[in-house]
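Student: Curious how this folds, go ahead:
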Amino acid sequence: MQKDLPAVFSNPIEKEINNNTEYYYGSLNNNEVRSKDINKEINKIFASKDFVYKKRVRITMNDKVDEVILVGKKDYSLLTFDNKQIPISSILDIEVID
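Tutor: Modelled structure (predicted):
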């Protein structure tokens, strides 16, 4: 027992419609802009008066956060107490843990 629906009139569109003015394509990757100078922060850690041989730090990298003990610095990487090298280019933030 379905009723017949009335006919719907639609005007034919004879011109091109261009009402989109801007397009934005984004992604959900976590690409943060560095607000700190990482090399400056690293140099400040190694130049501090309480740095004798090692320093416990929290390093935020592109894909993880890790707590390590720093013992040295090479040209483009940091050296940890357990003989790992962390590339400076992958570091987003570094902070000292007391």
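Student: Going by residue numbers, what spans are strands in this structure?
Tutor: 55-61, 65-73, 77-80, 85-87, 91-96 (DSSP state E).
Student: Please identify the deepest-packed of those strands.
Tutor: Of all those, strand 77-80 has the most neighbours on average by mean count of other C-beta atoms under 10 Å, namely a mean of 18. C-beta: built from backbone N, CA, C; applies to glycine.
Student: who touches that strand?
Tutor: If you take C-beta atoms under 8 Å, 6 or more residues apart in numbering as the criterion, strand 77-80 is touched by 42, 59, 68-73, 85-88, 91.
Student: quick one: which of those is nearest Glu16?
Tutor: Ile91 (50.8 Å; C-beta to C-beta).
Student: which residue packs closest to the closest one, ignoring adjacent ones?
Tutor: Ile38 (5.3 Å; C-beta to C-beta, 6 or more residues apart in numbering).
Student: Same check on Lys55?
Tutor: Excluding its sequence neighbours, the residue lying closest to Lys55 (C-beta to C-beta, 6+ apart) is Leu70, at 5.0 Å.
Student: May I have the residues that are in contact with that neighbour?
Tutor: Taking C-beta under 8 Å, 6+ apart as the test, what Leu70 contacts is Ile45, Phe46, Lys54, Lys55, Arg56, Val57, Leu78, Leu79, Thr80, Phe81.
Student: Surely Ile91 touches Val57?
Tutor: No: applying C-beta atoms under 8 Å, one finds Ile91 not in contact with Val57, separated by 10.1 Å.
Student: Output the below-cut-off pLDDT ranges for this protein.
Tutor: Residue ranges of the chain with pLDDT under 70: 1-2, 21-35.
Student: Kindly recompute the last result at 80.
Tutor: For the chain, applying pLDDT under 80 flags the ranges 1-3, 5, 17-36, 98.
Student: In it, what residue spans correspond to helices?
Tutor: Using DSSP state H, the helices of the chain run over 38-47.
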